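**Student:** Output the structure for:
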Amino acid sequence: MTQINVYLTFDGNCREAMNFYKECLGGDLHLMTVGGSPAEAHCAPEMKDYIMHATLTNGGLVLMASDNIGSRKFLLGNDVSLSLNCSSEEEINTFWAKLSEGGEIQQPLQVMFWGATFGMFKDRFGKRWMLNYDKPAK
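**Tutor:** Sure thing, here's the model as predicted:
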C-alpha cells in the first residue's frame with residue numbers, strides 16, 4: 001500500500017530525538033548507524049555513530065529520521081521531507097516523473113544497497129521528497 005510519511009533530518013542528535021519521540025508516542029524504534037553501512041566509507045570517522053536511518057512505528061504511526069550525513073549543510077527549513085513509499089516499480093517511476101518535473105534532482109532514482117529503489121529531489125515549489133519502493137522478497 002502506498003504511504004506518505006514525514007522524514008526528519010537532525011544535526012547529529014537523531015538518536016536522542018527519536019528516543020524522546022518513542023517515550024512520548026510509544027512503539028518500536030529501529031536505528032541504523034553509518035558505521036557498518038556502505039555509507040561509512042564516504043563519511044568522516046566521527047560520523048560512524050550518526051543515524052543513517054531511524055523508524056519509529058506504533059500501529060499506523062510511522063516517523064522516519066536520520067542525521068544529516070550528506071554534503072548538504074543542515075539548516076532549519078531543510079530538515080523535513082515527504083517520504084513516499086510506493087507499492088510498485090511502475091508507481092515509483094510515474095510519481096518520480098510527475099513530481100520531480102521542473103524540480104532539482106538531489107539523488108537520482110536507483111537501486112540502493114538496502115535493496116529498494118530510492119531517489120530524492122526538491123520539487124518546483126521547493127519541497128523535498130524521498131521516493132522509495134521496497135521490492136517484494138522472492
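**Student:** How about Arg124, nearest residue that isn't a chain neighbour?
**Tutor:** Gly102 (3.7 Å; Cβ to Cβ, 6 or more residues apart in numbering). Quick note: C-beta positions are derived from backbone N, CA and C, even for glycine.
**Student:** Surely the one you found is in contact with Gly126?
**Tutor:** No. Between Gly102 and Gly126 there is no contact under Cβ atoms under 8 Å: 11.2 Å.
**Student:** Relative to Gly35, how far out is the closest residue to Ser88 other than its chain neighbours?
**Tutor:** With sequence-adjacent residues excluded and distances taken as Cβ to Cβ, 6+ apart, Ser88 is closest to Tyr133, at 7.0 Å. Distance, Tyr133 to Gly35, by Cβ to Cβ, to the nearest Å: 27 Å.
**Student:** So the two - more neighbours on which side?
**Tutor:** Counted by other Cβ atoms under 10 Å, Tyr133 and Gly35 do not tie: Tyr133 has more neighbours, with 23 against 14.
**Student:** hmm, who's touching the host helix or strand of that one?
**Tutor:** Element membership of Tyr133 [criterion: DSSP states H and E] is strand 128-134. For strand 128-134, the surrounding residues in contact (Cβ atoms under 8 Å, 6 or more residues apart in numbering) are 7, 78, 80-89, 91-92, 95-96, 99-100, 106, 109, 115-123.
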